[in-house]
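Undergrad: attaching a predicted model along with its sequence, questions to come.
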Amino acid sequence: MTETEVTDICSEIASLMISSGAEIYRVEDTTARICRAYGYDRAEIYATPVNFIITVKDKKGRAYTDTKSLSGRETDLDRVGALNQLSRFICKEKPSHSEVKRAIGGLKDRKKYPLWVVYVSFVLVGASFAAYYGGSLTEIVCAAALAAMVKLMEDRLKRLGAGGFLSSTVCSMATALAAVIITKAGAAESYDTIIIGAFMTMVPGVAMANCMRDFISGDFFSGIYTLTEALLTAVGMAVGAGIAVVVSG
């Protein structure tokens with residue numbers, strides 16, 4: 001591959017990995033291995049949760065750079081795994097640029113889990129945590145229903161372009177308010193268990209794990225960014241629930 005082609009496929013793969021929730025050190029390591037596979041051992045790579053920059057040099061020392069600006073991330077570990085498999089194939093077989101682009105296009109068009117599977121997962125998470133914290137059958141059912149409502153609201157807010165903090169605040173406020181209303185109506189004994197069960201679907205667990213991995217690998221900027229994002233989500237959850245409980249109390 002030419003220098004331009006290598007930087008092109010690396011930036012495409014890196015942007016997909018970052019937007020799918022991959023750790024920054026994994027992104028940098030993957031793209032560095034691809035560059036070495038095609039003979040570019042001195043590639044300069046810089047990745048953060050919001051951008052990716054790669055520079056390679058030809059034999060005459062001329063630099064070729066490609067950049068990607070990123071906005072919005074989601075957790076799609078299935079795609080991350082597929083990208084890892086693709087990178088291993090690239091490093092082993094060294095395919096042409098057009099072949100790699102076709103493979104990347106296939107990953108972009110790859111079908112995700114059906115919507116009903118996602119909603120069932122949210123329902124199971126809400127019900128499981130409500131049961132774990134000692135909720136009654138009614139509270140378990142309510143937590144499961146509100147967990148599904150959280151997913152519905154998150155999708156609607158995402159379409160409107162809402163950020164993580166605003167989304168977590170609105171979702172937690174609506175969920176906590178619904179839990180309090182259900183309890184005051186006499187359908188459940190305590191709203192605490194219902195709120196906990198439904199809220200577990202919003203906890204930024206993957207983001208917290210990624211930030212710790214970035215800290216361990218020495219990517220402090222990316223770690224701080226991801227940690228701040230996770231903490232803002234948690235603060236939004238607390239603020240939304242607090243407002244709902246105070247207003248309804």
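TA: Noted; the coordinates are in hand.
Undergrad: and the protein, what are its domains?
TA: For the chain, automatic domain parsing gives the domain ranges 3-108, 115-248.
Undergrad: possible to save these as a markdown table with mean neighbour count and mean pLDDT?
TA: The way it works is simple: take the backbone N, C-alpha and C, and place the C-beta from them, glycine included. Below are the domains of the chain laid out as a markdown table (neighbours: other Cβ atoms under 10 Å; pLDDT from 0 to 100):
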| stretch | mean neighbour count | mean pLDDT |
| --- | --- | --- |
| domain 3-108 | 17 | 89 |
| domain 115-248 | 19 | 88 |
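Undergrad: so where do the strands sit in the protein?
TA: Counting by DSSP state E, the chain has strands at residues 44-47, 51-57, 63-69.
Undergrad: sheet partners, orientation included, of the second one?
TA: Spelled out, that is strand 51-57. When pairing is defined by DSSP bridges, strand 51-57 lines up against strand 44-47 (antiparallel), strand 63-69 (antiparallel).
Undergrad: in JSON lines: the strands of the chain, plus distance to Ile181.
TA: What follows is those, written out as JSON lines (distance: least, Cβ to Cβ, whole Å):
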{"stretch": "strand 44-47", "distance to Ile181": "45"}
{"stretch": "strand 51-57", "distance to Ile181": "44"}
{"stretch": "strand 63-69", "distance to Ile181": "43"}
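Undergrad: and of these, who's closest to Asn84?
TA: Nearest of these to Asn84, taken as Cβ to Cβ: strand 44-47 at 15.4 Å.
Undergrad: for the closest one, list the C-alpha coordinates in CSV.
TA: As requested, the backbone C-alpha atoms of strand 44-47 are provided in CSV (Å, rounded to 0.1, in the frame of the first residue of the first chain):
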residue,chain,number,x,y,z
GLU,A,44,3.3,8.6,14.5
ILE,A,45,-0.1,7.9,16.0
TYR,A,46,-2.2,10.0,18.4
ALA,A,47,-5.7,9.0,19.4
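Undergrad: what about it, distance to the chain center?
TA: 21 Å (Cα atoms, centre = their mean, to the nearest Å).
Undergrad: contacts for it?
TA: Here strand 44-47 makes contact (Cβ atoms under 8 Å, 6 or more residues apart in numbering) with 10, 14, 18, 24, 27-28, 31-32, 35, 52-56, 222.
Undergrad: looking at the residues you listed, which two lie furthest apart in space?
TA: For these, and using Cβ to Cβ, no pair is farther apart than Val56 and Ser222, which are 21.8 Å apart.
Undergrad: who are the packing partners of the lengthiest helix in the chain?
TA: Scanning the chain for the helix with the most residues, using DSSP state H, yields helix 220-248. Under the contact criterion of 3 or more Cβ pairs under 8 Å, 6 or more residues apart in numbering; DSSP states H and E, helix 220-248 touches helix 164-184, helix 191-199, helix 205-217.
Undergrad: Cys91 is nearest to which of these?
TA: So among those, helix 205-217 is nearest, using Cβ to Cβ, at 20.0 Å.
Undergrad: other SSEs contacting that closest one?
TA: helix 24-37, helix 220-248.
Undergrad: reformat the ones you listed as TSV; add distance to Leu115.
TA: As requested, these are exported to TSV (distance: least, Cβ to Cβ, whole Å):
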stretch	distance to Leu115
helix 24-37	28
helix 220-248	23
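Undergrad: the ones you listed: which one's closest to Met208?
TA: Across the helices and strands packed on helix 205-217, Met208 has its closest neighbour in helix 220-248 (5.1 Å, Cβ to Cβ).
Undergrad: rewinding a little: of all the strands paired with strand 51-57, which lies closest to Val125?
TA: strand 44-47 (30.6 Å).
Undergrad: and the residue in the chain sticking out farthest from the centre, backbone torsions?
TA: Relative to the centre of the chain, and counting by Cα atoms, centre = their mean, the farthest-placed residue is Lys60 at 40.3 Å. Backbone torsions for Lys60, taken as degrees, to the nearest 10, come to phi -90, psi 0.
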